[in-house]
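Asks: Using only what follows, build the 3D model:
(2 chains)
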Amino acid sequence: MIGSRAVSLVASSLVGEQQRGFATLKDISIRLKSVKNIQKITKSMKMVAAAKYAKAERDLKGARSYGLGAKAFYDNIEGAVEEGKTIPPKDKEVLVLITSDRGLCGAVHTNIAKETKNILKNKPESQEIKIFCVGDKSRLALQRIAGQHFLATGNDIGRAPPTFEDAAIVAQAVLDSGYEFQKGTILYNYFKSVVAYEPRKLTILPLEAIKAQENLNTYDSVDDDVLQSYSEYSLAQLIYYGMKESATSEQSSRMTAMDGASKNAGEMIDKLTLAFNRTRQAVITRELIEIISGAAAV
Amino acid sequence: LSSHQSIMVGWRSVGINYVRYSQLAAQVVRKSVKGEAVTKKAPATVKITKWEDGKPIKKD
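Replies: Predicted coordinates for the structure are as follows:
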């Protein structure tokens, strides 16, 4: 009884293996089909990203000269930092992270998150850093480890190219947050070329900090009112600039990422096709053997 | 210069900053422009959520 069960078990496992042999053919064709579909998706995503990238790069030309103009003011009043000297950290800083809601674009967002983690890790004990996340990706990357430092987050960005209105809303939110920072840093992805980007920082200073700078006297006839307005406005300016740079980096990075994904999918398709054909051949051969040996046995 | 300054103080005393001021100014300019100069403005999409003690503050 037990013996016959064992035999039947062995027999069924053999049948199972045979069925698996047959099923692999189907399995492979299902896999093949799904990989082909994924490749179609990544290819079209690449095309979309390429079109968006072209537009973003065109936009960036104007935005860059605009942004660098705003940046020049802060560079001038802060003065060139001498080699080996570091600026003493301020007690209260705000960090504005420029990312977007959308993923599948390589390491653009993780770069920003990594840089932020670095800053938080190396900050002195006494320093307070608040984080303002623009875009869901930086929020998701940081909310578990740095959620208690969050000042505010902004989402619903990244579908369309960023506008000055978006930047103004963010700047307004930073100013209205009630957090009296002594120094602000905007962290964004600087667009170097189609294949290269790097996280960079822009410094923003509130009125008090600007007034404390010695180099301010390079600028003529500025009173408190003008400076106050300018510091507010240049916050929006620099955020806008950061958004444009980040958006361009993101699109170019997405293009590269999707190109890579399509290539990898192509490789997978080649391998699967080969496996598929081999299995088919094997199945045919085995069926022939079965028929022939069956006929010979008669 | 004095009238210019009083305008500045005017909008600041009602509690708006330059960012808001320039937003409003842009709105007014856009509304008053006529004819071919009217440009379509891409709408802003970003939405802000404030956070406190590691938790977002839900808006009612």
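Asks: okay, CA-based contacts and neighbour counts for the rest of this
Replies: Fine.
Asks: Quick check: residues of chain B near chain A?
Replies: Residues of chain B lying close to chain A by Cα under 8 Å from any Cα of the partner chain are B:8, B:17-20, B:23, B:42-56.
Asks: Residue B:45 is in what secondary structure piece?
Replies: For residue B:45, there is no enclosing helix or strand under DSSP states H and E.
Asks: ok, it touching residue A:157?
Replies: Yes. With contact defined as Cα atoms under 8 Å, residue B:45 reaches residue A:157; the gap is 6.2 Å.
Asks: which one of those two has more residues nearby?
Replies: It is residue A:157, of residue B:45 and residue A:157, that has more neighbours when counted by other Cα atoms under 10 Å in any protein chain shown, with 23 against 19.
Asks: my guess is the more buried one is in a helix, correct?
Replies: No. Judged by DSSP: H, G, I helix; E, B strand; the rest coil, residue A:157 forms no part of a helix; its state is coil.
Asks: Checking residue A:154 next. Helix, strand or coil?
Replies: Strictly by three-state DSSP, residue A:154 counts as strand.
Asks: ok, for it, nearest residue in space, not its chain neighbours?
Replies: residue B:48 (4.2 Å; Cα to Cα, 6 or more residues apart in numbering or on different chains).
Asks: Model confidence for the one you found, exactly?
Replies: Here the pLDDT value assigned to residue B:48 is 91.
Asks: Tell me if I am right that it is in a strand.
Replies: Yes. Judged by three-state DSSP, residue B:48 forms part of a strand.
Asks: Tell me, how many residues neighbour residue 37?
Replies: You didn't pick a chain, so chain A it is. Residues near residue A:37, counting by other Cα under 10 Å: 13.
Asks: looking at chain B here, not the other one
Replies: As a burial measure, residue B:37 scores 8 neighbours (other Cα under 10 Å).
Asks: same question, the one 5 residues further on
Replies: Around residue B:42 sit 13 other residues, with neighbours defined as other Cα under 10 Å.
Asks: That one in helix, strand or coil?
Replies: Going by three-state DSSP, the secondary structure assigned to residue B:42 is coil.
Asks: Ignoring the adjacent residues along the chain, who's closest to it?
Replies: That would be residue A:163: by Cα to Cα, 6+ apart, it lies 7.0 Å from residue B:42.
Asks: for that neighbour, what are its contacts?
Replies: Contacts here follow Cα atoms under 8 Å, 6 or more residues apart in numbering or on different chains; on that basis residue A:163 touches A:240, B:42, B:43, B:44.
Asks: Give me the lowest-pLDDT entry from the residues you listed.
Replies: Ranking these by pLDDT, residue B:42 lands last with 75.
Asks: Run through who's touching the longest helix along chain B.
Replies: Selection of the longest helix in chain B by residue count, based on DSSP state H, yields helix B:18-32. Contact partners of helix B:18-32, identified using Cα under 8 Å, 6+ apart, comprise A:165, A:168, A:171, A:172, A:229, A:230, A:232, A:233, A:236, B:11, B:38.
Asks: Many thanks, we can stop here.
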